[in-house]
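Asks: Need a 3D model of the sequence below.
(one chain, ligands or ions: 1)
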Amino acid sequence: MNDSIIKLIKLPVISDDCKLAVAENSKLPFEIKRVYYIYGNENNLSRGFHAHKENQQILFCLRGSVRMIIESAEGKSECTLANPSEGIFLDQMVWHEMHDIDESTILLVIASHEYDELDYIRDHQVFIDLIKK
Ligand code: T46
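Replies: All right, here's what the predicted structure looks like:
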């Protein structure tokens, strides 16, 4: 395990009678081109199991929790996200898996690129070969 590969990004939170977390381009490691969210995981299936060649992302768990497994050229680690204002930075060439997601979990992802299936590395052995180069 190499916990230093987990890069958490804390959003500023304004607290009054509720909490308001803000993500602004100028304070992020990339410019936001796409936002998507994942919810309604009725069968508690794990997701991810890929890396991106170019796309960079920050994943937030807005409701519930998610156990993230992360692997990069620097090693492998895992963490659990449960704070809506704290996201995990998924840089280029970071293998990621999302586990222990239940039906009520909501994941929000902000991304540096629009969707492109050609940007995905979905074969773990191909990923390992690329990061060893
Ligand atoms: C990621 C993790 C954190 C689209 O058509 N447009 C989109 O913007 C996205 C994100 C997905 N799709 C299609 C591609 C597949 O046919 O939706 C289907 C499910 O995608 P996938 O199996 O990649 O879903 P996850 O939850 O495993 O991964 C998603 C993102 O795809 C991925 O980029 O990093 O969340």
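Asks: rest of the way, CA atoms for contacts and neighbours
Replies: Noted.
Asks: can you give me the strands for the chain?
Replies: 8-10, 13-15, 19-21, 34-38, 47-52, 57-63, 66-72, 75-81, 86-90, 95-99, 106-111, 120-121 (DSSP state E).
Asks: Partner strands of the fourth one, with direction?
Replies: Here the strand partners of strand 34-38, with direction, are listed using DSSP bridges: strand 106-111 (antiparallel).
Asks: Same check on the fifth one?
Replies: Each strand that strand 47-52 pairs with, and the sense of that pairing, follows from DSSP bridges: strand 95-99 (antiparallel), strand 120-121 (antiparallel).
Asks: Most tightly packed of these?
Replies: Mean neighbours per residue, mean count of other C-alpha atoms under 10 Å, is largest over those for strand 95-99, with a mean of 20.
Asks: Just confirm yes or no for that strand near the ligand.
Replies: No. In terms of C-alpha under 6 Å from any ligand atom, no part of strand 95-99 sits within range of the ligand; the closest distance is 7.1 Å.
Asks: Could I get the average pLDDT for that strand?
Replies: Strand 95-99 comes out with an average pLDDT of 98.
Asks: OK, contacts around the closest residue to Thr80 other than its chain neighbours?
Replies: The shortest distance from Thr80 to any non-neighbouring residue, by C-alpha to C-alpha, 6 or more residues apart in numbering, is to Arg67 (4.3 Å). Arg67 is in contact with 78-81, 98-101, counting by C-alpha atoms under 8 Å, 6 or more residues apart in numbering.
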